[in-house]
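Asker: coordinates only, no sequence provided:
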Ligand SMILES: Nc1ncnc2c1ncn2[C@@H]1O[C@H](COP(=O)(O)OP(=O)(O)OP(=O)(O)O)[C@@H](O)[C@H]1O
Ligand SMILES: [Mg+2]
């Protein structure tokens, strides 16, 4: 069992100039649970996810990881020192839609990099741990490959290995399978299911309704910068009351019918 | 054509060529280092620093090398900077090349996908490590062709150093020309030396490029 963090999001607002991307968002992510964020394109899912590790700076409100405010020293106060922010990020893993592996490093080097630079492990130990993490995502035989010599699904699994090697207590996923060919989606989702099964706290932005339905403990639906509803997957995906969710799911089912 | 004069002038020309190559190497290496520092300061520096550097870039790029060299060599003593011809030439070349190198690095850094930098931030890497481990290696790779190209241009700027009497190849060729009136032969030799140097640089550059992009190119 991993140690798992909780996330508390309170009254978070985010502006891009005059445009409000997040409107008074409230969301609780309990430790060890999987929360899926769904909603139409441009609704603010990525923005919200990126506020959790402060890659995106929210303008007001609070984001707390295990009760500790991230990004600011006090709510509405000065930004926290870079060192402090880095320390908090060490225990938050993130997986991006575009993988974002470092192309000049092998799979193993990609995974070991953070262990060496951030955790300060000796090279040999970092290399061993990297192999271990790569085995866990089923890529023990690909550790010497550079990203250019890996399929999309393999690259995304290396990216997951890179994150979990840091032993995070919270994992953020931003549409981890959206850039993948359909036949490669399964291998990535399987790894994520395993992680969920180990009790990792996960926040997952996804268009994979199957994953949301079967793996998530709660599903949050966003539209136009608002968090419309948070509830058990079945209640959002099967008996939604809000017409905005009904409309979204109708479009989703139409697109996926053939 | 009269080639026998080379028995007399050959060693001098060779010596001149050596100095040309030395000046070029010096100007390229230190111009690149200065350019890299400027590009980094422009990326991470505060606004006043960025403006100052932008002004520097525009002034140096906007004036002929010859004028810069005169200012440095003849104007320098006025502010207490008294340099011999060779050091003045080396410093001049370094300064002259730096803004071009800076611009090459600046656009190369911009070509590094932002997501790869964010991925490093997300695991808590310090900005210095990000520069050293991700921005620099990837930036250098995409900068390489332009770096090689500009360093080739720089080979030919070295001839201007002859005007402040740096005894490089052009200087020796002119001396030989005026002493023997063999303008054609002298300048043919000059062309030949430069052609060989440029050819060598572009070959080495291409080798290097193939080597360092080997892992970055997707299989086809
Ligand atoms: N850097 C930015 N500057 C200006 N506007 C931005 C910026 N980033 C995002 N936005 C806007 O904020 C809104 C929310 O964007 P976000 O990326 O969070 O949407 P999303 O729900 O993740 O969409 P998708 O499903 O397409 O990824 C969009 O309207 C987008 O145009
Ligand atoms: Mg998004």
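Answerer: Ah, there it is. No experiment lies behind these values; they were computed from the predicted model shown. Ligands and ions are numbered 1, 2, ... in the order given.

Asker: low pLDDT regions in the chain?
Answerer: Because you didn't say which chain, this covers chain A. Scanning chain A for pLDDT under 70 picks out A:1-2, A:258.

Asker: wait, I meant chain B there
Answerer: Checking chain B against pLDDT under 70 turns up B:1-2, B:218-220.

Asker: what are the boundaries of the helices in it?
Answerer: B:5-44, B:47-61, B:65-70, B:85-111, B:114-122, B:127-130, B:136-157, B:169-180, B:183-213 (DSSP state H).

Asker: other SSEs contacting the first one?
Answerer: In terms of contacts (3 or more CB pairs under 8 Å, 6 or more residues apart in numbering or on different chains; DSSP states H and E), helix B:5-44 is packed against helix B:47-61, helix B:85-111, helix B:136-157, helix B:169-180, helix B:183-213. Heads up, the C-betas are built off the backbone N, CA and C, glycines and all.

Asker: so of those helices, which one's packed in deepest?
Answerer: helix B:85-111 (a mean of 21; mean count of other CB atoms under 10 Å in any protein chain shown).

Asker: starting at the chain centroid, how far to it?
Answerer: 6 Å (CA atoms, centre = their mean, to the nearest Å).

Asker: cool, and stretch B:204-214?
Answerer: 19 Å.

Asker: of the helices and strands packed on helix B:5-44, which is nearest residue A:147?
Answerer: helix B:136-157 (12.1 Å; CB to CB).

Asker: among the helices and strands packed on helix B:5-44, which comes closest to residue A:169?
Answerer: Closest among the helices and strands packed on helix B:5-44, once you apply CB to CB, is helix B:136-157, at 30.1 Å.

Asker: can you pull the contacts of residue 53?
Answerer: Answering for chain A, as no chain was given. Counting by CB atoms under 8 Å, 6 or more residues apart in numbering or on different chains, residue A:53 makes contact with A:70, A:88-89, A:92, A:94, A:172, B:122.

Asker: not quite, I wanted chain B
Answerer: With CB under 8 Å, 6+ apart, residue B:53 has these contacts: B:38, B:41-42, B:45, B:102.

Asker: quick one: it from residue B:39, how far?
Answerer: 9 Å (CB to CB, to the nearest Å).

Asker: any common contacting residues for the two?
Answerer: residue B:102.

Asker: now the helices of chain B as CSV including distance to ligand 1?
Answerer: Shown next, in CSV, are these (distance: least, CB to the nearest ligand atom, whole Å):
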stretch, distance to ligand 1
helix B:5-44, 19
helix B:47-61, 21
helix B:65-70, 41
helix B:85-111, 16
helix B:114-122, 11
helix B:127-130, 20
helix B:136-157, 22
helix B:169-180, 53
helix B:183-213, 31
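
Asker: how about those helices, which one is nearest residue A:251?
Answerer: helix B:114-122 (27.9 Å).

Asker: residues in contact with the closest one?
Answerer: For helix B:114-122, using CB under 8 Å, 6+ apart, the contacting residues are A:53, A:55, A:89, A:92-94, A:96, A:98, A:100-103, A:113, A:159, A:162, B:129-130, B:133-135, B:138.

Asker: which ones among the residues you listed map onto strands?
Answerer: A:92-94 (DSSP state E).

Asker: buried among the residues you listed? Need that as a selection in PyMOL.
Answerer: A single PyMOL command selects the buried members of the ones in strands among the contacts of helix B:114-122 (16 or more other CB atoms under 10 Å in any protein chain shown):
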select buried, chain A and resi 92+93+94
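
Asker: could you export the ones in strands among the contacts of helix B:114-122 to JSON lines, including columns for distance to ligand 1?
Answerer: As requested, those are exported to JSON lines (distance: CB to the nearest ligand atom, whole Å):
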{"residue": "A:92", "distance to ligand 1": "18"}
{"residue": "A:93", "distance to ligand 1": "19"}
{"residue": "A:94", "distance to ligand 1": "14"}
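
Asker: out of everything not next to it in sequence, what's closest to the residue nearest the centre of chain B?
Answerer: Per CA atoms, centre = their mean, the C-alpha nearest to the average position across chain B is that of residue B:28, at 3.1 Å. Spatial nearest neighbour of residue B:28, excluding adjacent residues (CB to CB, 6 or more residues apart in numbering or on different chains): residue B:151 at 4.6 Å.

Asker: is the one you found in contact with residue B:201, as I believe?
Answerer: Yes: with contact defined as CB atoms under 8 Å, residue B:151 reaches residue B:201; the gap is 6.4 Å.
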